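In: test case, fold it:
(chains A, B and C)
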Amino acid sequence: MEWTDLIVIAVKTAIIYLGMVQVVPIMLIVERRGAAFIQDRPGPNRVGPFGLFQPIADVIKMMMKEVISPRQVNKALYLLGPFLVLLPASLIVAALPFGDFFTLFDKSYMIQIANLDVGILYVLAIGSLGIYGILFGGWASNNKFSLIGAMRATSQIISYEIPLGLAACGAVLSYGSFSLREMVMAQEGTLLGALPHWGIFYQPLGFLLFFIAAFAETNRLPFDLPETEAELVAGFHTEYGPMDFGTFFMAEYMNMATMSALMVSIYFGGWHLPWISDATLLEGLGSRNLLALLQVLTVIVKISFFMLVFVWVRWTIPRFRFDQLMRLAWKNLIPLGLINLVITALIFYFKGAI
Amino acid sequence: MEAFLPVGFLFIFALLLCIGLFTVKRLLGPRNPIASKLSVYECGVAPEGNARAPFKTHFYLIAVLFLLFDVEAAFFFPWALVYKESLAQGPALLIAMLVYMGFLVLGLVYIFRKDCLRLN
Amino acid sequence: MREGLFIAFSLFTIAAASGVVLSKNPVYSAFSLILSFFGLSGLYLLWGSTFMAMIQILIYTGAIVVLFVFVVMLLNLQVIRENSPNLLFVGVVSATVWFFSLIILRVLTRAIPTNVTEIPTNQLRTISKLLFTRYLWPFEVLSLFLLVMIVAIFAITRAQEISHGGEKV
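Out: Below is the predicted model of the structure:
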């Protein structure tokens, strides 16, 4: 590997990562306007045209607010808490595929930070670390609401990690690979002549499980038990100041984007347009980099769709109760995940590898 | 191993973002600490008792069961990886996994029957 | 480069592991444990065993330490008061015994490989295939073990709850 390669890879990593961070300001305005639309009110529309500069105002407000760290906290872990949530949320981005290749100086580079052979295991492993920020932050706050919120958040996230893993396992079973890149590559073209060749048609039950577990993993409504404002003030971040709250928020939006990107790559064809194969597109466009641009745009559109679904669900479905949440995970989702695995395995056994 | 090199880059960038956020918080926010601001926030009522009271065993059970099921689920991954290509050599892998999953299902049934997680 | 990374990860792991033993607050110990597991998975990566590195993070860091932290919070272990001389003695003795038994093991058998450069190119599939052929029986017995553990843990916690007057959640 030459040093030019290293520079290109570093710049590519920075661009993809910054692109992912951009989700946060965009979602700030989309969520507030989306909520307003669903609740039939105008929403933030004063700052800039259509309120588009609202996120900037929000960020400035957060930065200029007073910093408080209460007396009773365990200082070190209290200060680390938000960053222990943000770091894993950032690191997951490494495994997500956003496109095939682009060429630069007659060399081709992947539009993905790292093509890991353990892709999906990496995502699950790093994703499981996000709980420590919540757990340690909630404990270090030394506040009853924080601690209960943290314990609830942890119980919820670990309970839904199992169905998430089982759903991902079903996908591994169909594709025969851990690499997200190889999964996307397997989804090119058409299925049975009429459908796009997408993973959801191989793993419909797996997708449903993944979708539900994704909401719970990101602490979004209807599963936002850790921060139920009516009973726990603000859950695990009760004692945190504005910037720390902002950091938790950033991590939440980045996790949402990651989950959307995972659903897109595993079940919705990733960078592939439905029905059309990459070779046909390359012939039509004539340039590899144009194709790369089109692929990235496709992924962005697909991710945006799922982000909108996240917002839509948040303002439509009421919150679960804690025992209902646990019952859903252990009594419904985990058995369903196992059934999904058995059915998939049996289909492959009786029909041969499709 | 080389595939993980960009992950190292990403880690550095993420760390820089964290440091940046921390510095911005430190530099820009005004500070005017007074006693009531720095006290425990419990909706304005004077806090009672220690926040770190011992917990109920319920959460502990969830954590233990999660650990056991996580270990079990971790073994599904290598199985899923080679299942399709192993079919040419007969149903050995299918039977192996059905037996393994049988014990797992027994465990689940036990949890539900004894109501370990107090789901009912 | 490789050697430098090896030394860096090793030092990191050892430093974090000493943090586990030396910190007086059990929650800080748990935090150090997470860091030391990260150092370990870095070492696995260095040896080319990506699968082991990921499982290390997924199981040890993602599940076992959660359990530790829960236990610490559950029992509300306060800061351990002093370095009790008894505990220090036990620690030193067990570390010494462990160290020498490793050396004896090394002398008696050739079990510990000295050459770690031979990683098969397709290690994911190699590991998976070995698991379901040569190590099939340990694999099946493991699931039986896990079943026994589920029953045992439930029995213990239920017994404890009854002795505490059957507290409700």
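
In: and the residue of the stretch 101-250 of chain A closest to chain C?
Out: A:Ser128 (3.3 Å; CB to the nearest CB). C-beta here means a position set from N, CA and C on the backbone, and glycine is covered the same way.

In: separation between that residue and A:Gly176?
Out: Distance, A:Ser128 to A:Gly176, by CB to CB, to the nearest Å: 24 Å.

In: more neighbours: which of the two?
Out: A:Ser128 (24 against 18; other CB atoms under 10 Å in any protein chain shown).

In: all helices for chain B, in order.
Out: Along chain B, counting by DSSP state H, helices occupy B:5-28, B:57-86, B:92-114.

In: quick check: buried residues in the strand or helix carrying A:Leu325?
Out: Element membership of A:Leu325 [criterion: DSSP states H and E] is helix A:322-327. Neighbour-count burial for helix A:322-327 flags A:Phe322, A:Leu325, A:Met326, A:Arg327 (criterion: 16 or more other CB atoms under 10 Å in any protein chain shown).

In: which of the residues you listed sits closest to chain B?
Out: A:Arg327 (4.5 Å).

In: coming back round to it: of the buried residues of helix A:322-327, which is the nearest to A:Thr4?
Out: Using CB to CB, A:Leu325 is the member of these that lies nearest A:Thr4, at 51.1 Å.

In: circling back to that earlier point, leaving out sequence neighbours, find the closest residue to the residue of the stretch 101-250 of chain A closest to chain C.
Out: Nearest non-adjacent residue to A:Ser128, counting by CB to CB, 6 or more residues apart in numbering or on different chains: C:Gly62, 3.3 Å away.

In: now swap in B:Leu28 and tell me
Out: Sequence neighbours aside, A:Met63 is the residue nearest to B:Leu28 in space, at 4.7 Å (criterion: CB to CB, 6+ apart).

In: hang on, the earlier thing: can you say which of the helices of chain B is packed in most?
Out: Highest mean neighbour count among these (mean count of other CB atoms under 10 Å in any protein chain shown): helix B:57-86, with a mean of 22.

In: now that helix and helix B:92-114, what's the angle there?
Out: Angle of helix B:57-86 versus helix B:92-114, following axes from the mean of the first three to the mean of the last three CA atoms, to 10 degrees, is 160 degrees.

In: near chain A, anything from helix B:57-86?
Out: Yes: using CB under 8 Å from any CB of the partner chain as the criterion, contacts between helix B:57-86 and chain A involve B:59, B:62-63, B:65-66, B:69-70, B:73-74, B:76-77, B:80-85.

In: who does that helix touch, helix- and strand-wise?
Out: Secondary-structure packing of helix B:57-86 (3 or more CB pairs under 8 Å, 6 or more residues apart in numbering or on different chains; DSSP states H and E): helix A:144-175, helix A:334-351, helix B:92-114, helix C:65-75, helix C:123-133, helix C:136-163.

In: adding mean pLDDT and distance to A:Phe245, write those out as CSV.
Out: Shown next, in CSV, are those (pLDDT from 0 to 100; distance: least, CB to CB, whole Å):
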stretch, mean pLDDT, distance to A:Phe245
helix A:144-175, 87, 13
helix A:334-351, 89, 33
helix B:92-114, 86, 37
helix C:65-75, 82, 23
helix C:123-133, 82, 41
helix C:136-163, 81, 36
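
In: among these, which is nearest C:Ser49?
Out: Each of these was scored for nearness to C:Ser49 using CB to CB, and the closest is helix C:123-133 (6.4 Å).

In: which neighbouring elements make contact with that closest one?
Out: helix B:57-86, helix B:92-114, helix C:50-55.

In: how about a cut-off of 7 Å?
Out: Applying 3 or more CB pairs under 7 Å, 6 or more residues apart in numbering or on different chains; DSSP states H and E, one finds that helix C:123-133 contacts helix B:57-86, helix C:50-55.

In: what lies in contact with that helix?
Out: Residues from elsewhere that reach helix C:123-133 (CB atoms under 7 Å, 6 or more residues apart in numbering or on different chains): A:117, A:178, B:78-79, B:81-82, B:93, B:96, C:48-49, C:51, C:120, C:139.
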